[in-house]
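> need a structure here:
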Amino acid sequence: MTESYVCPHCKHVEERTYRVRLIVLTCPNCGRNGRFLNGSLVARLDEIPETERPDDWGTMPLDARLQWAIEENVLDVSFTGPLSVE
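Below is the predicted model:
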């Protein structure tokens, strides 16, 4: 079984056989280095209501969205517990 990790800049997807919250890679698609988020975290970011998102949400890289959501307590992510809310 593989997990999907999404480039924070161009949304290119890389598959890996391990399951972690994020991995740091240079994207083979856009060439930028970044924190590729596990697909389950990307799905949780997409569930944040538009009314709660900052004005620049659409231009923010995925990893910046995650950081904002955690800092603003909009998304509860444990870095030692399960990746998704059960």
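> so where do the strands sit in this protein?
3-6, 13-16, 22-26, 33-38 (DSSP state E).
> pull the CA atoms of the third one into CSV?
To tie it back to what came earlier, the one meant is strand 22-26. Written as CSV, here are the backbone C-alpha positions of strand 22-26 (Å, rounded to 0.1, in the frame of the first residue of the first chain):
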residue,chain,number,x,y,z
LEU,A,22,4.9,15.3,5.4
ILE,A,23,8.2,14.7,3.5
VAL,A,24,10.7,17.2,2.3
LEU,A,25,11.5,16.7,-1.4
THR,A,26,12.6,18.5,-4.5
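> same for that strand, what does it pack against?
In terms of contacts (3 or more C-beta pairs under 8 Å, 6 or more residues apart in numbering; DSSP states H and E), strand 22-26 is packed against strand 3-6, strand 13-16, strand 33-38. Backbone N, C-alpha and C define where each C-beta goes, glycine included.
> could I get these as JSON lines with mean pLDDT and mean neighbour count?
Output for the helices and strands packed on strand 22-26, formatted as JSON lines (pLDDT from 0 to 100; neighbours: other C-beta atoms under 10 Å):
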{"stretch": "strand 3-6", "mean pLDDT": "96", "mean neighbour count": "20"}
{"stretch": "strand 13-16", "mean pLDDT": "97", "mean neighbour count": "13"}
{"stretch": "strand 33-38", "mean pLDDT": "95", "mean neighbour count": "20"}
